[in-house]
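>>> could you work out the structure for the sequence below:
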Amino acid sequence: MLLALSFTAAIQEQADAAKTAARTVLPAGIQRYELGRRTRQMERAWIACSDADRRREAIPIVQNAVTGFFSMNLAGVARSLDEAGAVLRGETRSPAQCWADAIVVSVSPRVVSTGPSTIRVHCDIFYAPSVDRPTMNLTLSLGETTLMDRPFTGTFDDDVELPAGQPGDWAMTVRAVAGGEVVREWPIGISRVSDLERRLEQLAADLASPGAERNPIELATARYLADLLSRLARGETLETDVAASRLLAEAESLVRAAASELPARESRTGDFYIAVPIAKVPAAVRVYAPDRDAEVLVVALHGAGGSANMFADAYGDGLIVRLCKDRGWALAAPGYRTPLDDLWAIVTPIQQRIAPSARRLFVVGHSLGAVTALRMGQMKPEGVHAIAAISGGSFGDLAPLARMPVFVAAGTLDFGKAGSTSVAKRLEELGAPVQMRLYDCEHLLVVPDSLPEIFRWLDTLAQEEADSDQQ
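Numbering: from 1, shown residues only. Presented below is the predicted three-dimensional model:
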């Protein structure tokens, strides 16, 4: 979420000045996970809402959330996201619903063995609602089994017994109950792995042993996954639900593949991670690979403060993944730090893995990601076939993009609107085939609002180029 590089310094100064401001005592990982959960919940409500009045009422509340993010008032962000979701759903929230929205329930560890296990359930509130707390119960269940049922009296920690179960990646359900009615419910991911401790120890030993490393990407990805899994096993809360059972099996397979011949293409399909060893800390990439050769690779670049999971999980509740899946296109969403990063050093090997037959590469970026998308085109215009720059500015000479199809999007109440307008104007002056669209929203929600039209535009470009190839 950032307008452009010119905006970065001001935002950083604001964030630094606010570090002593009031904030919750929740651990950072839990805060990040809860903000992600609330963002997805609010965006689902935004997409489902067809009432223009409710949308207009929600926009300034979402703007408060974005401002709170930049000022590090994360409790305020959570409150605003919850309030915006209620407005979009047309709810007049009861005191019980207000308190249920404010509740945080975290579970550790999130990966356990298949035998009987003990998990720690921590309950807290992210912020204090301005209404009296009602009598309310919290329950936690896995399938038909109720693991916890107790009154909500504020902060508590309970040890909960998890009976033996099948391996796999599952969702527990939290329910807030008042007056005998469920007022809110939400899922929490948990994974069960057979022989967990031994397999993690063996994975660590295999990664530490010397040997042929013909495939450094496989090795880097296995190490990245091993780190995720060990953090989960230690009880850390990561920023999103992690399918640990599947990822452990993938890591074990990747260790074996690290010393083998490079495959013609990535054998995995669906949604998974790849880590590219370009620095001391490998670049994590969230990818979607269809079950057939993809003719198009879409690169999705998140805004400031985001990660490789942002487009896959958050923006529009992972809308871009569904749009790519519908078309049989491949998707790569890399983590990065600044537009000055060499994204091509990440994207090129990823394309060779998940879309080796792709003849077109489209780049979509939001906010700082829009700046970075344009930068990718500036660095290698012959490698990009189209760019969608959502709510972001640019820097440097745009002349390399003079023949590049560019779709510029912004919200009518978007602080990135000025930067987007400037980009479109500069490209028009170069004679570039640029289109600009404004959507009745703000800086965050412009992503789910604009993506369907962006992909229809990309459909047209892909078809035009396919027709041209046949002539």
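>>> going forward, measure contacts and count neighbours with C-alpha atoms only.
Fine.
>>> phi, psi for Asp326 please.
Note on Asp326: backbone dihedrals following degrees, to the nearest 10 are phi -60, psi -30.
>>> mind checking how far stretch 65-82 is from the chain centre?
Its chain's C-alpha centre and that of stretch 65-82 lie 17 Å apart, by C-alpha atoms, centre = their mean, to the nearest Å.
>>> just for this structure, where's the confidence low?
Scanning the chain with the threshold set as pLDDT under 70 gives 1-24, 210-214, 259-265, 466-471.
>>> my read is Asp251 is in a helix, agree?
Not quite, residue 251 is Ala, not Asp. Yes: when classified by DSSP: H, G, I helix; E, B strand; the rest coil, Ala251 is found to be part of a helix.
>>> hmm, it is touching Leu229, no?
No: look at Ala251 against Leu229 with C-alpha atoms under 8 Å: they stay out of range, at 9.6 Å.
>>> list the helices and strands the longest helix belonging to the chain packs on?
Looking only at the chain and at elements set by DSSP state H, the helix with the highest residue count is helix 446-470. Helix 446-470 is packed against helix 28-48, helix 319-327, strand 360-366, strand 386-390, strand 406-411, strand 434-439, with contacts defined by 3 or more C-alpha pairs under 8 Å, 6 or more residues apart in numbering; DSSP states H and E.
>>> mind redoing it with 10 Å?
Helix 446-470 makes packing contacts with helix 28-48, strand 296-301, helix 319-327, strand 360-366, strand 386-390, strand 406-411, strand 434-439 when contacts are defined by 3 or more C-alpha pairs under 10 Å, 6 or more residues apart in numbering; DSSP states H and E.
>>> okay, the angle between it and strand 406-411?
Orientation note: helix 446-470 sits at an angle of 170 degrees relative to strand 406-411 (axes from the mean of the first three to the mean of the last three C-alpha atoms, to 10 degrees).
>>> about what we covered before: make a markdown table from the helices and strands packed on helix 446-470 and add mean neighbour count and distance to Asp158 to it.
What follows is the helices and strands packed on helix 446-470, written out as a markdown table (neighbours: other C-alpha atoms under 10 Å; distance: least, C-alpha to C-alpha, whole Å):
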| stretch | mean neighbour count | distance to Asp158 |
| --- | --- | --- |
| helix 28-48 | 20 | 17 |
| strand 296-301 | 26 | 40 |
| helix 319-327 | 18 | 36 |
| strand 360-366 | 24 | 41 |
| strand 386-390 | 30 | 44 |
| strand 406-411 | 27 | 45 |
| strand 434-439 | 18 | 46 |
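>>> for Ala164, find the nearest of these.
Proximity to Ala164, assessed across the helices and strands packed on helix 446-470 by C-alpha to C-alpha, is greatest for helix 28-48 (26.4 Å).
>>> go through the next helix or strand after the closest one and flag the buried ones.
Of the helices and strands lying after helix 28-48 in sequence (DSSP states H and E), the nearest is helix 52-70. Neighbour counts over helix 52-70 (16 or more other C-alpha atoms under 10 Å) mark 54-55, 58-70 as buried.
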